[in-house]
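Enquirer: Sharing a sequence plus its predicted fold:
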Amino acid sequence: MLPYLGKAMTNLFRKPSTEKFPVGDAPQAAERYRGRISYNPDVCVNCGMCMRVCAPQCMHRDIETLENGDQKITFTFDLTSCTFCGMCADFCSRHSITLTDDYMMVGTQPEDFIVTGSFIKKAPPPKPKLTPEQIAEMKAKAEAAKAAKAAAKAEEPKADA
Amino acid sequence: MFEKLIDNSMAKSPWIFHVNAGSCNGCDIELVSVLTPRYDAERFGFRLTGTPRQADIVVVSGPITLQTRDRLRRVLEQVPEPYVVVSLGSCPKSGNVFKGSYSIDGPLDKWTHVDVSVAGCTPKPEAIVAALAKATEILKEKRKEMRK
Amino acid sequence: MTALLWNLFYVLIFPGLFFCILMGILLSGLDRIWVARMQRRVGPPLLQGWYDFLKCCGKETIVPRHAKKAVYFAAPVVGFAALITIALFLPVVGGKPAFSGTADLVVILYLLTLVSVCMIVGAAASGSPFAGVGLSREMVAMISYELPFVLVILAISKVTLTADSGLPMTFSLQAIWDYQTVNGPLIAHWSLIPAAIALLFVIPCEVGMHPFDIAEAETEICEGTLSEYSGPPLAVFRLTHMVKMYIMTALFYVLFLGGISTGIVAVDVVIFILVCVLLTFITMSLPHAACARFKVEQVFQFYWTFVAGLALISLILVWLGL
């Protein structure tokens, strides 16, 4: 007990080692800290790899088809469900998901914990309509190719003999 | 005037009761570290009590397991009004990686009102301090509402 | 009429209710700040005890189903009233207590026990198993510190009785104060030094401060005796705890450092407050910062061997006339 008494007495005259935090700015997180998810929908290719590797299934994909055939794809990340393992960011081939160093994830509403982003997936251009002549021409071409193949097959055994 | 004094003291002396509802102990350790010299929550009057009867802020950590569910509800019933519930970490709000497990009966919203939640697995102590500071403000508001 | 007004003043303002609460909050605030600083923390504000009290007043009170309601609410009030009554017997300023009797030291001993008994009764009335464990521990603590405490008081009364100061009897704080005015403070009496050390050790256990707070161990038995209390009754118990710090330090001042008087009341009060603050630091803050909580049997062993031994040495020396 005596050494502790000595330590206590010396500590009494030293500066407290307490951080000032709630009074000033929050201190910087450590390097490569995995905090709040940031999602950049502009580079996302909608491969869905992040959803496959996410253990707590914290992301959600909404696909909404617009009138002109385009698809509006929305990714929603629920931070209260995330373990901040960083797997989604590692597997994201286009680096559209990154984990920032913002750890101040405090809120009173569910909306405070939602990270979301959406992009438009363009529908492929409509296929050109073919005229009946074109179809007949293509059919004839296919017939010719078939006949040529059959002829080649018929000649092969002769070559062997 | 006396009522006003009480209102102001509400925010200056919040006592914490910590409920572990099947947590992995990560959040529990971080909550204790809030009371250590580095983050010293006692300078705002925080104190860790041993009984829910004296609590003002109930901090819940962990997904609500079937074993802890009834205990958690009993603890919350024993806390005198006004009180604030803080969900610590990702688990109580959603179940986190335990989501969909046969032994989980969450989230916490199903059983009580959650006033402040902190995301993170585990949250940094600074985030917990910020959440507790927010909780004290809500506590004061609740006291004012209760008086009316 | 004036006598009645004076009595009201004594009970409500000085040295009664108001002064006791003021000193209790001051001492408990200083104690918490010092402990925090010794652990290299910033510590709570000085008036934290006051905030705690007000906050508890504003909370809802839940009475447990198995509680005896009347006892549950009466216990904290009776305990607090007993504590305030002690303050009226202490001749803290100018050697004049508000009320004096022929054997007020015995009354103080009883009233101090009553405070602890009220806590025990309140805990028993709340009907919680944790409070049950807490009250049994509180009883152990009481048995532990009562023996050295009584031995110390016996030694003091023996000294003041045998002294050649023409006093008719002892156990009167007024007489002890007068004896000290004539012969100097009792702490200068070498055969009473072990008794003074013993009383210093008794103070933290009597108050229930950290290394000896076996009855209110919040981590093991959920606040022990207070585990079912909430709201205003809890506030009164917290206040009792704080005021007890002041009463015990003041008692040490009267028993061992009394008799010093400069003639000016204000200076006397300042000296008295400073002594109380210093005693709080030595007896409560330092052990709190340097020790972990003792086990139940350790407390008992410590008080019945070491502290009671010190008091006994003093008593034997005094009886031998040294």
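Expert: Received it, and whenever you're ready, just let me know what you need.
Enquirer: What residues sit buried inside stretch C:216-223?
Expert: Neighbour-count burial for stretch C:216-223 flags C:216-218, C:221-223 (criterion: 16 or more other C-beta atoms under 10 Å in any protein chain shown). Just so you know, the C-beta spots here come from the backbone N, C-alpha and C atoms, and that holds for glycine as well.
Enquirer: Please read the previous query as pertaining to stretch C:272-290.
Expert: For stretch C:272-290, burial by neighbour count (16+ other C-beta under 10 Å) applies to C:272-273, C:275-277, C:279-281, C:283-290.
Enquirer: Which members of those additionally contact chain A?
Expert: Contacts with chain A within the buried residues of stretch C:272-290, as defined by C-beta under 8 Å from any C-beta of the partner chain: C:286, C:289-290.
Enquirer: Check the residues you listed against residue C:38 and report the nearest one.
Expert: Nearest to residue C:38, judged by C-beta to C-beta, of those is residue C:289 at 3.8 Å.
Enquirer: tell me which residues form a beta bridge with residue B:20?
Expert: Legend: beta-bridge partners of residue B:20 under DSSP bridges are residue B:61.
Enquirer: is chain C contacted by the lowest-mean-pLDDT helix or strand in chain B?
Expert: Ranking every helix and strand in chain B by mean pLDDT, DSSP states H and E puts helix B:2-12 at the bottom, with a mean of 83. Yes - counting by C-beta under 8 Å from any C-beta, chain C is contacted by helix B:2-12 at B:3, B:5-7, B:9-10, B:12.
Enquirer: Just the CA atoms of stretch C:118-133, as CSV, please.
Expert: Output of stretch C:118-133 as CSV, limited to C-alpha atoms (Å, rounded to 0.1, in the frame of the first residue of the first chain):
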residue,chain,number,x,y,z
CYS,C,118,-31.4,3.3,10.4
MET,C,119,-29.5,2.3,7.2
ILE,C,120,-29.8,-1.3,8.3
VAL,C,121,-33.5,-1.0,9.1
GLY,C,122,-34.2,0.7,5.9
ALA,C,123,-32.3,-2.0,3.9
ALA,C,124,-34.2,-4.7,5.8
ALA,C,125,-37.5,-3.0,5.1
SER,C,126,-36.8,-2.8,1.4
GLY,C,127,-36.9,-6.6,1.2
SER,C,128,-34.2,-7.1,-1.4
PRO,C,129,-31.7,-10.0,-1.1
PHE,C,130,-28.9,-7.6,-2.1
ALA,C,131,-29.9,-5.3,0.7
GLY,C,132,-29.9,-8.3,3.0
VAL,C,133,-26.3,-9.1,2.2
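Enquirer: ok, and what's touching it?
Expert: B:51, C:64-68, C:71-72, C:75-76, C:78-79, C:82, C:134-135, C:138-139, C:215, C:221-229, C:233, C:237, C:240 (C-beta atoms under 8 Å, 6 or more residues apart in numbering or on different chains).
Enquirer: gap between residue A:30 and residue C:213?
Expert: Distance, residue A:30 to residue C:213, by C-beta to C-beta, to the nearest Å: 38 Å.
Enquirer: Compare those two (neighbour count), which wins?
Expert: Applying other C-beta atoms under 10 Å in any protein chain shown to residue A:30 and residue C:213 shows that residue C:213 carries more neighbours, namely 23 against 10.
Enquirer: Could you tell me the end-to-end distance of stretch C:256-266?
Expert: In stretch C:256-266, first residue to last residue: 21 Å (C-alpha to C-alpha, to the nearest Å).
Enquirer: Okay, buried residues for that stretch please.
Expert: C:256-261.
Enquirer: Please state the offset of that stretch from the chain centre?
Expert: From the chain centre to the centre of stretch C:256-266 is a distance of 21 Å (C-alpha atoms, centre = their mean, to the nearest Å).
Enquirer: Ok, stretch A:106-125 next?
Expert: Here stretch A:106-125 is found 12 Å from its chain centre; the criterion is C-alpha atoms, centre = their mean.
Enquirer: related to what we said a few turns ago, in TSV: the residues of helix B:2-12 next to chain C, plus distance to residue C:57 and neighbour count.
Expert: Shown next, in TSV, are these (distance: C-beta to C-beta, whole Å; neighbours: other C-beta atoms under 10 Å in any protein chain shown):
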residue	distance to residue C:57	neighbour count
B:3	10	11
B:5	9	15
B:6	6	19
B:7	11	18
B:9	8	24
B:10	10	24
B:12	13	20
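Enquirer: can you narrow those residues to ones near chain A?
Expert: Okay, of those, nothing touches chain A (C-beta under 8 Å from any C-beta).
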